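[1] After the sequence you'll find the predicted model.
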Amino acid sequence: MDSTRTAQTAKNFLAFLSSGYTKMLLEKPYDELFQTELGIKLKRLGLVSKNAMVVVLGLLAFFLEQKLSDDTVLKKMFKEVATDAWPEFSKRLLNGFTDFLVSRSAAASDKEKAVIDQLSQTKSEDLDDLLTGLAQVAKNQCSGSLDRATERIRKSREKLQQKRKRGVL
């Protein structure tokens, strides 16, 4: 029983070590990706598009985390590397956002500066969560605005139909 536990611990350590080395070796290819034409185009996307990509990649990583088995050293290593790819990619995609905040802070009010300072100190994972939440709030607000606009159109149409019935139009 004790030797089985020791063997499993050794396998876990081997998977941990090999995935860590693999992640370190992938740093340069990740960087080089964003120096290609595709990477430059991705970096030029708007913040909403970039964060949408981050969320989709996060969902994919979550799916991989749930579905990939890790019953062998190789599978465990692959799972670790695959689920680490999305924050690495996202970090590089969103890189420069903090620089934008810093340059923006020069012309900002005290209240804006406080928000910018807080955002610039936020970890990228937490920033992703924040932006996802803000996107949901914006979607809900847009939905409410759309509902109000739809209601105004419906009322205008009813008034127009009433005028037609009375022969005014």
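    That came through fine. Numbering: from 1, shown residues only.

[2] Would you map out the domains in the chain?
    Listed by automatic domain parsing, the domain ranges of the chain are 1-95, 107-169.

[3] what about residue 165, how many neighbours?
    For residue 165, the count of nearby residues is 9 (other C-beta atoms under 10 Å). (C-beta placed from N, C-alpha, C; glycine too.)

[4] quick one, helices of this structure?
    If you assign secondary structure with DSSP state H, the helices in the chain sit at 2-33, 37-43, 47-67, 73-94, 97-105, 110-120, 124-166.

[5] where does the chain have its least confident helix or strand?
    helix 97-105 (a mean of 50; mean pLDDT, DSSP states H and E).

[6] quick one: average confidence on stretch 14-31?
    In this model, stretch 14-31 carries a mean pLDDT of 88.

[7] Let's see that stretch as CSV, backbone CA atoms only.
    The C-alpha trace of stretch 14-31 is given here as CSV (Å, rounded to 0.1, in the frame of the first residue of the first chain):
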residue,chain,number,x,y,z
LEU,A,14,7.1,13.7,-12.8
ALA,A,15,3.9,15.1,-14.5
PHE,A,16,4.2,18.4,-12.5
LEU,A,17,7.9,18.8,-13.4
SER,A,18,7.5,17.9,-17.1
SER,A,19,4.4,20.2,-17.5
GLY,A,20,6.3,23.0,-15.8
TYR,A,21,9.3,22.6,-18.1
THR,A,22,7.0,22.4,-21.1
LYS,A,23,5.2,25.6,-20.1
MET,A,24,8.5,27.4,-19.8
LEU,A,25,9.6,26.2,-23.2
LEU,A,26,6.3,27.4,-24.7
GLU,A,27,6.9,31.0,-23.5
LYS,A,28,9.0,31.9,-26.6
PRO,A,29,6.6,30.4,-29.1
TYR,A,30,3.7,32.2,-27.4
ASP,A,31,5.7,35.5,-27.7
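
[8] who's in contact with stretch 72-90?
    Stretch 72-90 is contacted by residues 11-12, 14-16, 18-19, 22-23, 26-27, 30, 33, 53-54, 57-58, 60-61, 64-65, 68-70, 124-125, 128 when judged by C-beta atoms under 8 Å, 6 or more residues apart in numbering.

[9] Now list the buried members of these.
    15, 18, 19, 23, 53, 54, 57, 58, 61, 124, 128 (16 or more other C-beta atoms under 10 Å).

[10] on that earlier part again, which of the helices of the chain has the lowest average pLDDT?
    helix 97-105 (a mean of 50).

[11] wait, residue 15 sits on residue 70?
    Yes: contact criterion C-beta atoms under 8 Å: residue 15 and residue 70 qualify, at 7.5 Å.

[12] Cool, thanks, talk later.
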